[in-house]
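**Student:** this one's structure only:
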Ligand SMILES: C[S@@+](CC[C@H](N)C(=O)[O-])C[C@H]1O[C@@H](n2cnc3c(N)ncnc32)[C@H](O)[C@@H]1O
């Protein structure tokens, strides 16, 4: 897929790309807690190893989080933002939690330059206004701080944006990279497959960048 530039910052994404099959409010879908793993053990381990490799620590925000944040070395101060309070309160690595629907309100309830790192695991595909969310993550990160998105090849299909469902893994990597580019102010973008493609299991892709 190619993307063109335009005055509208979402120009070039195909019509309906950010629509969803289930258009009901997200709070209804996430009303019941899901205390489950959304990726297999190998992919979860790959998330933790990536966080360790990137030396993620200090004051960290887990965006679109649930009851597990996957850190091998839990950060000193971990804020988890998600939809379901039972899930959030069950997160043993969490220091504080925030319930917020990022599809209704993209403004993060945090000050400027306050997080060392922000992570978002297997969830970027649910954002209908990703550029505004990436802008807000950029605002809240300290200069040089990293924003890490990880994802696999499965999702809640009715809640993921339709564009995601229409693309393959390489397309997903390209789309998340495009979010970083269009949001702006990011440097040193990386994209990697963090699991072994020659053995079975959920793949784990990561796309990350640093606040300039
Ligand atoms: C597939 S789960 C992943 C949870 C967790 N990040 C993990 O690694 O297991 C998707 C998560 O995205 C969050 N989420 C979905 N839609 C959201 C929205 N509109 N605003 C904020 N969080 C949302 C939900 O709370 C849910 O926990």
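**Tutor:** Okay, I see it. Everything numeric in this text was worked out from a predicted model, so none of it was measured.

**Student:** From here on, just use CA atoms for contacts and neighbour counts.
**Tutor:** Will do.

**Student:** which residues touch stretch 45-56?
**Tutor:** Residues outside stretch 45-56 that contact it (C-alpha atoms under 8 Å, 6 or more residues apart in numbering): 70-73, 75, 116-117, 150, 194-195, 204.

**Student:** which stretch of helix or strand covers the residue nearest in space to the middle of the chain?
**Tutor:** Geometric centre of the chain, nearest residue: residue 120, 2.9 Å, by C-alpha atoms, centre = their mean. Element membership for residue 120, per DSSP states H and E: strand 115-121.

**Student:** Direction included, what does that strand pair up with?
**Tutor:** Applying DSSP bridges, strand 115-121 is found paired with strand 59-63 (parallel), strand 141-151 (parallel).

**Student:** Identify the single longest helix in this structure, thanks.
**Tutor:** Secondary structure of the chain per DSSP state H: the longest helix is helix 169-183.

**Student:** quick one: that helix to strand 141-151, angle?
**Tutor:** 160 degrees (axes from the mean of the first three to the mean of the last three C-alpha atoms, to 10 degrees).

**Student:** After helix 169-183, which helix or strand is next?
**Tutor:** Assignment by DSSP H and E places the next element after helix 169-183 at strand 186-193.

**Student:** and that following strand, which residues are buried?
**Tutor:** Under the neighbour-count criterion of 16 or more other C-alpha atoms under 10 Å, strand 186-193 has 186, 189, 191, 193 buried.

**Student:** same deal with stretch 104-118?
**Tutor:** Quick answer for stretch 104-118 (16+ other C-alpha under 10 Å): 106, 108, 113-118.

**Student:** Nearest to the ligand among the residues you listed?
**Tutor:** Among the buried residues of stretch 104-118, residue 106 lies closest to the ligand (C-alpha to the nearest ligand atom), at 8.5 Å.

**Student:** Just give the closest residue to that closest one, not the sequence neighbours.
**Tutor:** Using C-alpha to C-alpha, 6 or more residues apart in numbering and skipping the chain neighbours, the partner closest in space to residue 106 is residue 133 (5.4 Å).

**Student:** tell me which strands and helices the helix or strand hosting that neighbour is in contact with?
**Tutor:** Taking DSSP H and E as the criterion, residue 133 maps to helix 130-140. Helix 130-140 sits against helix 169-183, with contacts defined as 3 or more C-alpha pairs under 8 Å, 6 or more residues apart in numbering; DSSP states H and E.

**Student:** check contacts around residue 43.
**Tutor:** 195, 201-204.

**Student:** Compare the strands paired with strand 115-121 and give me the one nearest the ligand.
**Tutor:** strand 59-63 (7.0 Å).

**Student:** circling back: residues touching the helix holding residue 133, excluding its own?
**Tutor:** 102, 106-108, 110-115, 118, 124, 147, 179-180, 182-186, 211.
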